[in-house]
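Student: no FASTA, just this:
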(Lines give C-alpha, C1' and ligand atoms only; values in the text may rest on other atoms or scores of the structure.)
Protein backbone atom coordinates (compact mmCIF):
# COMPACT_ATOMS: atom_id res chain seq x y z
CA UNK A 1 0.00 0.00 0.00
CA UNK A 2 1.74 3.11 -1.29
CA UNK A 3 0.24 5.50 1.29
CA UNK A 4 0.64 3.32 4.38
CA UNK A 5 1.35 5.42 7.46
CA UNK A 6 0.18 8.66 5.81
CA UNK A 7 -2.59 10.92 7.10
CA UNK A 8 -4.80 12.63 4.53
CA UNK A 9 -7.31 15.45 4.91
CA UNK A 10 -10.06 15.75 2.29
CA UNK A 11 -12.59 18.57 2.08
CA UNK A 12 -16.02 17.77 0.70
CA UNK A 13 -15.44 14.06 1.21
CA UNK A 14 -18.89 12.60 1.86
CA UNK A 15 -20.13 11.97 -1.68
CA UNK A 16 -19.28 12.11 -5.36
CA UNK A 17 -15.66 12.77 -6.26
CA UNK A 18 -14.72 13.47 -2.65
CA UNK A 19 -16.07 10.15 -1.41
CA UNK A 20 -14.18 8.29 -4.15
CA UNK A 21 -10.96 10.08 -3.16
CA UNK A 22 -11.46 9.34 0.53
CA UNK A 23 -11.97 5.63 -0.12
CA UNK A 24 -9.12 5.34 -2.64
CA UNK A 25 -6.64 6.96 -0.25
CA UNK A 26 -7.83 4.59 2.47
CA UNK A 27 -7.47 1.58 0.17
CA UNK A 28 -3.87 2.62 -0.39
CA UNK A 29 -3.21 2.66 3.35
CA UNK A 30 -3.76 6.27 4.43
CA UNK A 31 -5.74 7.32 7.46
CA UNK A 32 -8.27 9.88 6.28
CA UNK A 33 -10.15 12.80 7.84
CA UNK A 34 -12.86 14.37 5.73
CA UNK A 35 -15.26 17.23 6.22
CA UNK A 36 -18.70 17.75 4.77
CA UNK A 37 -21.43 20.37 4.76
CA UNK A 38 -23.84 18.48 7.01
CA UNK A 39 -24.41 15.82 4.36
CA UNK A 40 -26.59 12.88 5.37
CA UNK A 41 -24.36 10.53 3.33
CA UNK A 42 -21.36 11.30 5.57
CA UNK A 43 -22.07 8.53 8.06
CA UNK A 44 -22.23 5.90 5.32
CA UNK A 45 -18.98 7.16 3.80
CA UNK A 46 -17.32 7.12 7.22
CA UNK A 47 -18.42 3.52 7.76
CA UNK A 48 -16.91 2.50 4.41
CA UNK A 49 -13.73 4.38 5.28
CA UNK A 50 -13.39 2.74 8.68
CA UNK A 51 -13.73 -0.69 7.06
CA UNK A 52 -10.53 0.13 5.15
CA UNK A 53 -8.46 2.32 7.47
CA UNK A 54 -8.63 4.78 10.35
CA UNK A 55 -10.88 7.74 9.70
CA UNK A 56 -12.82 10.66 11.07
CA UNK A 57 -15.58 12.87 9.67
CA UNK A 58 -16.46 16.42 10.68
CA UNK A 59 -19.21 18.81 9.60
CA UNK A 60 -17.71 22.13 8.52
CA UNK A 61 -18.31 24.98 6.11
CA UNK A 62 -14.95 25.26 4.35
CA UNK A 63 -15.45 28.97 3.75
CA UNK A 64 -15.62 29.60 7.52
CA UNK A 65 -12.15 30.05 8.98
CA UNK A 66 -13.10 28.94 12.48
CA UNK A 67 -14.94 25.82 11.35
CA UNK A 68 -12.15 24.78 9.04
CA UNK A 69 -9.48 25.25 11.70
CA UNK A 70 -11.62 23.20 14.11
CA UNK A 71 -11.73 20.43 11.49
CA UNK A 72 -7.94 20.43 11.19
CA UNK A 73 -7.60 20.34 14.98
CA UNK A 74 -9.94 17.33 15.18
CA UNK A 75 -7.99 15.59 12.43
CA UNK A 76 -4.67 16.24 14.19
CA UNK A 77 -5.98 14.96 17.51
CA UNK A 78 -7.57 11.85 16.03
CA UNK A 79 -5.03 10.79 13.40
CA UNK A 80 -1.85 12.83 13.84
CA UNK A 81 -0.17 15.34 11.51
CA UNK A 82 -1.46 15.29 7.95
CA UNK A 83 0.92 14.87 5.03
CA UNK A 84 -1.75 14.97 2.29
CA UNK A 85 -4.46 17.56 1.62
CA UNK A 86 -7.08 17.22 -1.10
CA UNK A 87 -9.14 20.37 -1.65
CA UNK A 88 -12.29 18.94 -3.18
CA UNK A 89 -15.20 20.88 -1.66
CA UNK A 90 -17.08 22.82 -4.30
CA UNK A 91 -20.47 24.06 -5.42
CA UNK A 92 -21.98 25.21 -8.71
CA UNK A 93 -24.54 27.89 -9.53
CA UNK A 94 -25.80 28.25 -13.11
CA UNK A 95 -27.42 31.48 -14.31
CA UNK A 96 -26.99 34.10 -17.03
CA UNK A 97 -24.69 36.93 -16.03
CA UNK A 98 -27.48 39.52 -15.90
CA UNK A 99 -29.54 37.29 -13.59
CA UNK A 100 -26.72 36.21 -11.29
CA UNK A 101 -27.29 37.37 -7.73
CA UNK A 102 -24.25 38.75 -5.96
CA UNK A 103 -24.89 36.45 -3.01
CA UNK A 104 -24.72 33.41 -5.31
CA UNK A 105 -21.51 34.65 -6.92
CA UNK A 106 -19.96 35.31 -3.50
CA UNK A 107 -21.01 31.91 -2.15
CA UNK A 108 -19.42 30.01 -5.04
CA UNK A 109 -16.17 31.95 -4.67
CA UNK A 110 -16.27 31.48 -0.89
CA UNK A 111 -16.65 27.70 -1.00
CA UNK A 112 -14.56 26.88 -4.06
CA UNK A 113 -11.69 29.36 -3.78
CA UNK A 114 -11.65 30.76 -0.25
CA UNK A 115 -12.17 27.24 1.12
CA UNK A 116 -9.19 25.91 -0.82
CA UNK A 117 -7.04 28.80 0.39
CA UNK A 118 -8.07 28.35 4.03
CA UNK A 119 -7.44 24.61 3.95
CA UNK A 120 -4.03 25.02 2.32
CA UNK A 121 -3.09 27.62 4.92
CA UNK A 122 -4.21 25.42 7.82
CA UNK A 123 -2.33 22.49 6.32
CA UNK A 124 0.87 24.52 5.91
CA UNK A 125 0.62 25.96 9.41
CA UNK A 126 0.24 22.52 10.93
CA UNK A 127 3.66 21.46 9.67
CA UNK A 128 5.49 24.73 10.12
CA UNK A 129 7.89 26.18 7.56
CA UNK A 130 10.10 23.09 7.30
CA UNK A 131 8.24 19.81 7.09
CA UNK A 132 10.22 16.72 8.05
CA UNK A 133 8.77 14.71 5.16
CA UNK A 134 7.55 15.77 1.76
CA UNK A 135 3.87 16.69 1.82
CA UNK A 136 1.26 16.93 -0.92
CA UNK A 137 -1.60 19.26 -1.77
CA UNK A 138 -4.01 18.26 -4.53
CA UNK A 139 -6.55 20.90 -5.58
CA UNK A 140 -9.63 19.91 -7.55
CA UNK A 141 -10.19 22.49 -10.28
CA UNK A 142 -12.24 21.94 -13.47
CA UNK A 143 -11.78 21.90 -17.22
CA UNK A 144 -14.22 24.85 -17.21
CA UNK A 145 -11.60 26.83 -15.34
CA UNK A 146 -9.59 26.56 -18.56
CA UNK A 147 -12.34 26.60 -21.19
CA UNK A 148 -14.91 28.93 -19.63
CA UNK A 149 -18.64 28.40 -20.01
CA UNK A 150 -21.56 30.77 -20.47
CA UNK A 151 -23.99 31.03 -17.53
CA UNK A 152 -21.28 29.85 -15.13
CA UNK A 153 -19.26 32.98 -14.43
CA UNK A 154 -18.75 32.33 -10.72
CA UNK A 155 -17.91 28.65 -11.08
CA UNK A 156 -15.46 29.06 -13.96
CA UNK A 157 -13.80 32.04 -12.26
CA UNK A 158 -13.35 30.09 -9.04
CA UNK A 159 -11.88 27.05 -10.79
CA UNK A 160 -9.53 29.11 -12.94
CA UNK A 161 -8.35 30.83 -9.78
CA UNK A 162 -7.67 27.46 -8.16
CA UNK A 163 -5.29 26.64 -10.99
CA UNK A 164 -3.47 29.94 -10.41
CA UNK A 165 -3.46 29.31 -6.65
CA UNK A 166 -1.91 25.90 -7.27
CA UNK A 167 1.01 27.42 -9.15
CA UNK A 168 1.59 30.09 -6.51
CA UNK A 169 1.54 27.59 -3.65
CA UNK A 170 3.84 25.23 -5.55
CA UNK A 171 6.44 28.01 -5.73
CA UNK A 172 5.97 29.18 -2.15
CA UNK A 173 5.86 25.79 -0.42
CA UNK A 174 8.66 24.05 -2.36
CA UNK A 175 10.61 21.94 -1.73
CA UNK A 176 8.81 20.53 1.31
CA UNK A 177 5.32 20.45 -0.22
CA UNK A 178 4.32 19.47 -3.73
CA UNK A 179 1.18 21.22 -4.97
CA UNK A 180 -0.77 20.10 -8.02
CA UNK A 181 -4.29 20.37 -9.41
CA UNK A 182 -6.69 18.09 -11.23
CA UNK A 183 -9.10 19.62 -13.74
CA UNK A 184 -11.92 17.10 -14.16
CA UNK A 185 -14.22 17.16 -17.10
CA UNK A 186 -17.82 16.10 -16.67
CA UNK A 187 -18.01 13.48 -13.96
CA UNK A 188 -21.16 11.57 -13.09
CA UNK A 189 -22.07 13.07 -9.70
CA UNK A 190 -24.89 15.00 -8.07
CA UNK A 191 -23.36 18.20 -9.46
CA UNK A 192 -23.94 17.02 -13.03
CA UNK A 193 -27.49 15.85 -12.40
CA UNK A 194 -30.50 17.50 -14.10
CA UNK A 195 -31.33 19.05 -10.73
CA UNK A 196 -28.08 21.04 -10.85
CA UNK A 197 -27.47 21.66 -14.55
CA UNK A 198 -29.70 22.54 -17.47
CA UNK A 199 -30.18 20.12 -20.39
CA UNK A 200 -28.20 22.53 -22.59
CA UNK A 201 -25.19 22.44 -20.28
CA UNK A 202 -25.39 18.67 -19.89
CA UNK A 203 -25.40 18.28 -23.67
CA UNK A 204 -22.26 20.40 -23.89
CA UNK A 205 -20.63 18.19 -21.28
CA UNK A 206 -21.22 15.17 -23.50
CA UNK A 207 -19.66 16.91 -26.51
CA UNK A 208 -16.15 15.51 -26.03
CA UNK A 209 -14.03 13.03 -28.00
CA UNK A 210 -15.04 10.26 -25.57
CA UNK A 211 -18.71 11.36 -25.65
CA UNK A 212 -19.48 10.24 -22.12
CA UNK A 213 -19.21 11.26 -18.51
CA UNK A 214 -16.29 10.18 -16.39
CA UNK A 215 -16.62 8.44 -13.05
CA UNK A 216 -15.54 9.69 -9.60
CA UNK A 217 -12.97 6.90 -9.46
CA UNK A 218 -11.21 8.41 -12.49
CA UNK A 219 -10.43 11.50 -10.40
CA UNK A 220 -9.67 9.49 -7.28
CA UNK A 221 -7.03 7.48 -9.12
CA UNK A 222 -5.23 10.64 -10.22
CA UNK A 223 -5.48 12.18 -6.74
CA UNK A 224 -3.97 9.07 -5.18
CA UNK A 225 -1.18 9.07 -7.75
CA UNK A 226 -0.31 12.70 -7.03
CA UNK A 227 -0.37 11.95 -3.30
CA UNK A 228 1.88 8.91 -3.69
CA UNK A 229 5.60 8.17 -4.00
CA UNK A 230 5.65 7.97 -7.80
CA UNK A 231 4.81 11.68 -8.13
CA UNK A 232 7.75 13.03 -6.14
CA UNK A 233 9.10 15.24 -8.96
CA UNK A 234 5.80 16.83 -9.97
CA UNK A 235 4.67 20.20 -8.69
CA UNK A 236 2.75 23.23 -9.96
CA UNK A 237 0.91 21.21 -12.61
CA UNK A 238 -2.74 20.90 -13.59
CA UNK A 239 -3.79 17.50 -14.89
CA UNK A 240 -6.82 17.22 -17.13
CA UNK A 241 -8.95 14.13 -16.50
CA UNK A 242 -11.63 15.19 -18.92
CA UNK A 243 -12.28 12.82 -21.79
CA UNK A 244 -10.55 15.21 -24.16
CA UNK A 245 -12.85 18.19 -23.53
CA UNK A 246 -10.01 20.70 -23.93
CA UNK A 247 -9.19 19.40 -27.43
CA UNK A 248 -12.13 21.21 -29.02
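Tutor: Now that the structure is in, tell me what you want to look at. Being a predicted model, the structure only gives us computed values, none of them experimental. Numbers count the residues shown, from 1 in each chain.
Student: for this structure, what helix or strand is lowest in average pLDDT?
Tutor: Least confident element among the helices and strands of the chain, by mean pLDDT, DSSP states H and E: helix 199-206 (a mean of 75).
Student: please identify the buried residues of that one?
Tutor: By neighbour count on 16 or more other Cβ atoms under 10 Å, the buried set for helix 199-206 is 201, 204, 205. Quick note: C-beta positions are derived from backbone N, CA and C, even for glycine.
Student: likewise for stretch 79-98?
Tutor: By 16+ other Cβ under 10 Å, the buried positions in stretch 79-98 come out as 79, 82-94.
Student: let's have the residues you listed in TSV, adding pLDDT and distance to residue 184.
Tutor: Listed next are the buried residues of stretch 79-98 as TSV, based on pLDDT from 0 to 100; distance: Cβ to Cβ, whole Å:
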residue	pLDDT	distance to residue 184
79	97	27
82	97	23
83	97	24
84	98	18
85	98	18
86	98	13
87	98	13
88	98	10
89	97	14
90	96	10
91	95	15
92	91	12
93	92	18
94	88	17
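Student: closest one to residue 184 out of the buried residues of helix 199-206, please.
Tutor: Closest approach between the buried residues of helix 199-206 and residue 184, by Cβ to Cβ: residue 205, at 10.8 Å.
Student: once you drop chain neighbours, what's closest to that closest one?
Tutor: The shortest distance from residue 205 to any residue that is not its chain neighbour, by Cβ to Cβ, 6 or more residues apart in numbering, is 3.5 Å, and that residue is residue 186.
Student: can you map out the strands along the chain?
Tutor: With DSSP state E as the criterion, the chain has strands at 7-11, 31-36, 55-59, 84-87, 135-140, 177-184, 238-241.
Student: what are the pairing partners of the fifth one, and which direction each?
Tutor: Strand 135-140 has these partner strands in its sheet, going by DSSP bridges: strand 84-87 (parallel), strand 177-184 (parallel).
Student: closest one to residue 70 among those?
Tutor: Using Cβ to Cβ, these put strand 84-87 closest to residue 70, at 16.0 Å.
Student: and the pLDDT for residue 119?
Tutor: Residue 119 carries a pLDDT score of 98 in this model.
Student: name all residues that make contact with it.
Tutor: Contact partners of residue 119, counting by Cβ atoms under 8 Å, 6 or more residues apart in numbering, are 9, 11, 62, 68, 72, 85, 87.
Student: now do residue 189
Tutor: Residues in contact with residue 189 (Cβ under 8 Å, 6+ apart) are 15, 16, 17, 216.
Student: what do you get for residue 53?
Tutor: Listed by Cβ under 8 Å, 6+ apart, the contact partners of residue 53 are 26, 27, 29, 30, 31, 32.
Student: same check on residue 245?
Tutor: Residue 245 touches 143, 147, 185, 186, 205, 208, counting by Cβ under 8 Å, 6+ apart.
Student: now distance to residue 42 too, for those residues, in a markdown table please.
Tutor: A markdown table is the format used below for the contacts of residue 245 (distance: Cβ to Cβ, whole Å):
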| residue | distance to residue 42 |
| --- | --- |
| 143 | 27 |
| 147 | 32 |
| 185 | 26 |
| 186 | 25 |
| 205 | 27 |
| 208 | 32 |
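Student: so which of these belong to helices?
Tutor: Counted as lying in helices by DSSP state H, out of those, are 147, 205.
Student: lowest pLDDT pick from the contacts of residue 245?
Tutor: Minimum pLDDT across the contacts of residue 245 is recorded for residue 205, with 72.
Student: how far does the least confident helix or strand of the chain sit from the chain's center?
Tutor: On the basis of Cα atoms, centre = their mean, to the nearest Å, helix 199-206 sits 23 Å off its chain's mean C-alpha point.
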